[in-house]
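> Give me coordinates for this.
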Amino acid sequence: MNPFSYGTIVRGDYFYDRKEECDRIVSTLSNGNNLVLFAPRRYGKTSLVFRAIEELEKQGVTCIYFDFMPVFSLETFVNLYISAIEKKQSNLQKLVQTITAVVKNIRPKLSFDAQGNPEFGIDLMESKISIETLSEVLDLPEKIAQDNKKIVVIFDEFQEITKLNKYGFENLLRSKIQQQQKVNYLFLGSRTHLLSDMFNNKNRAFYNSASHFQFSTLPHEDTVAFLKEKFGILGIKIDLQTALFIIEQSGDIPYYIQLLAAEIWQYMINSQTIVTEEIVMLCAKRIVDLKQDYYFELFDRQSVMQKQLLKALAQSGESVFSAGYAKRFRLSTTSTTQKAILVLMDSAIIDKTDNAYFISDPFFKRFLQNYAL
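Just a heads-up that it's a prediction; the model follows:
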């Protein structure tokens, strides 16, 4: 079995380090504070949060995890949110009673299958969810917390809440959070510029509503130790320099480190015993080749300006709005570059750390350097 994991939430032995970050999340939430977690895509935010959930639940905290990504209407939010709450309740009969008492226009139902297993569901009594019903649903964690030590609600992909802003959702949720005494909230998402604006813009509802926590790449020594340990399971050796080369070729991003390591493992498992830089390069090329059709399509969908900017960012992401950068890469005006940057960030194709922009997928970057015209 391949000892490297990517593409899903990383758990158990596949998850390494982040102890300091995990401890900070647990400490902040267990001490009654809300927290917003910032990091670029593929840095392992969700995996870290699930590790923190494990630690919080050891302390008797009920953790309700909710992903905003599939939400596209008030109806989908209400259905999915109540379902997320239900999954964490041991006494479904009591949940039915609470919903009945708190939410006027939702009828909860509890039945049992042929094996005697409980099946929970709800009937919406309105053709369209009213703001009053939405408000009552948002009260549910606080009402349920009456008999619990503590509840933490985790909102993943929280920037997607903006899809519901025509209903005043952002302001309503902020108001509810301010009123609740027994529930704390953790916010995270993959589009950091949108999330940052939500919590740093004084004109937004969530301005100054949570402690900020931004984490970055993993310490190299921990990643090197992890790579050596996992390759060593079948006696495959890797030295320090080659391990650092894997980190470099993966953009120092945890997801892509595991992706490249998994490809190297697959290549070597039956024929090689020592990882070399040549093997790393070969396997990196194999990943690009496997994803080449997708990368061509992704690149082709961009405007001319966005294509030019992507090619430039594949070479350098610093001082992108300077006259020298525009001249070097034959870009248009600064305002046009700014618009292209925003579009590419909204599409999660590029991201930003400090004052530099970078292509989120290091293998797409390699594609742009070697294939895109």
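> low-scoring pLDDT stretches of this protein, where are they?
Applying pLDDT under 70 to the chain flags residues 7-17, 146-148, 372-373.
> all strands for this protein, in order.
Along the chain, counting by DSSP state E, strands occupy 35-38, 62-67, 106-112, 118-124, 151-156, 183-188, 211-214, 350-353, 356-359.
> could those strands go into JSON lines alongside mean neighbour count and distance to residue 281?
C-beta here means a position set from N, CA and C on the backbone, and glycine is covered the same way. Below are the strands of the chain laid out as JSON lines (neighbours: other CB atoms under 10 Å; distance: least, CB to CB, whole Å):
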{"stretch": "strand 35-38", "mean neighbour count": "23", "distance to residue 281": "33"}
{"stretch": "strand 62-67", "mean neighbour count": "18", "distance to residue 281": "36"}
{"stretch": "strand 106-112", "mean neighbour count": "14", "distance to residue 281": "57"}
{"stretch": "strand 118-124", "mean neighbour count": "13", "distance to residue 281": "53"}
{"stretch": "strand 151-156", "mean neighbour count": "22", "distance to residue 281": "35"}
{"stretch": "strand 183-188", "mean neighbour count": "24", "distance to residue 281": "34"}
{"stretch": "strand 211-214", "mean neighbour count": "14", "distance to residue 281": "32"}
{"stretch": "strand 350-353", "mean neighbour count": "20", "distance to residue 281": "24"}
{"stretch": "strand 356-359", "mean neighbour count": "18", "distance to residue 281": "19"}
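> Please name whichever of those strands is nearest to residue 142.
Closest to residue 142 of the strands of the chain, according to CB to CB: strand 183-188, at 5.3 Å.
> just the angle between the closest one and strand 151-156, please?
Relative orientation of strand 183-188 versus strand 151-156 (axes from the mean of the first three to the mean of the last three CA atoms, to 10 degrees): 20 degrees.
> re the thing from before, nearest to residue 135, out of the strands of the chain?
That would be strand 106-112 among those, by CB to CB, at 12.2 Å.
> Include distance to residue 97 when you put the strands of the chain into a markdown table, please.
Shown next, in a markdown table, are the strands of the chain (distance: least, CB to CB, whole Å):
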| stretch | distance to residue 97 |
| --- | --- |
| strand 35-38 | 31 |
| strand 62-67 | 17 |
| strand 106-112 | 9 |
| strand 118-124 | 13 |
| strand 151-156 | 17 |
| strand 183-188 | 19 |
| strand 211-214 | 35 |
| strand 350-353 | 46 |
| strand 356-359 | 52 |
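> Please identify which of those is closest to residue 261.
That would be strand 356-359 among these, by CB to CB, at 20.3 Å.
> So what touches the closest one?
By CB atoms under 8 Å, 6 or more residues apart in numbering, the residues outside strand 356-359 that reach it are 251, 310, 313-314, 317-318, 320, 341, 349-352, 365, 368.
> Can you say which of the residues you listed are buried?
251, 310, 313-314, 317, 320, 341, 349-352, 365, 368 (16 or more other CB atoms under 10 Å).
> which one among those gets closest to residue 43?
residue 351 (9.6 Å).
> gap between the closest residue in space to that closest one that isn't next to it in sequence and residue 100?
The shortest distance from residue 351 to any non-neighbouring residue, by CB to CB, 6 or more residues apart in numbering, is to residue 40 (4.2 Å). Residue 40 sits 44 Å away from residue 100, going by CB to CB, to the nearest Å.
> Please report how far the residue lying closest to residue 106 once chain neighbours are set aside lies from residue 133.
Excluding its sequence neighbours, the residue lying closest to residue 106 (CB to CB, 6+ apart) is residue 122, at 5.3 Å. According to CB to CB, residue 122 and residue 133 sit 11 Å apart.
> any residues in contact with both of those two?
residue 106.
> ok, back up a step: more crowded one of residue 40 and residue 100?
residue 40 (21 against 12; other CB atoms under 10 Å).
> who touches the more buried one in this structure?
Counted by CB under 8 Å, 6+ apart, residue 40 has contacts 192, 253, 351-353, 360.
> which stretches of the stretch 51-200 of the chain form helices?
For the stretch 51-200 of the chain, the helices defined by DSSP state H, counting those that start in this stretch occupy 74-87, 92-102, 131-138, 140-144, 169-179, 192-200.
> right, so the ones you listed: which one is the most enclosed?
Ranked by average neighbour count under the criterion mean count of other CB atoms under 10 Å, the helices of the stretch 51-200 of the chain are headed by helix 140-144 at a mean of 21.
> right, and the strands of the chain - which one's nearest residue 199?
It's strand 35-38; of the strands of the chain, that one is closest to residue 199 (CB to CB) at 5.1 Å.
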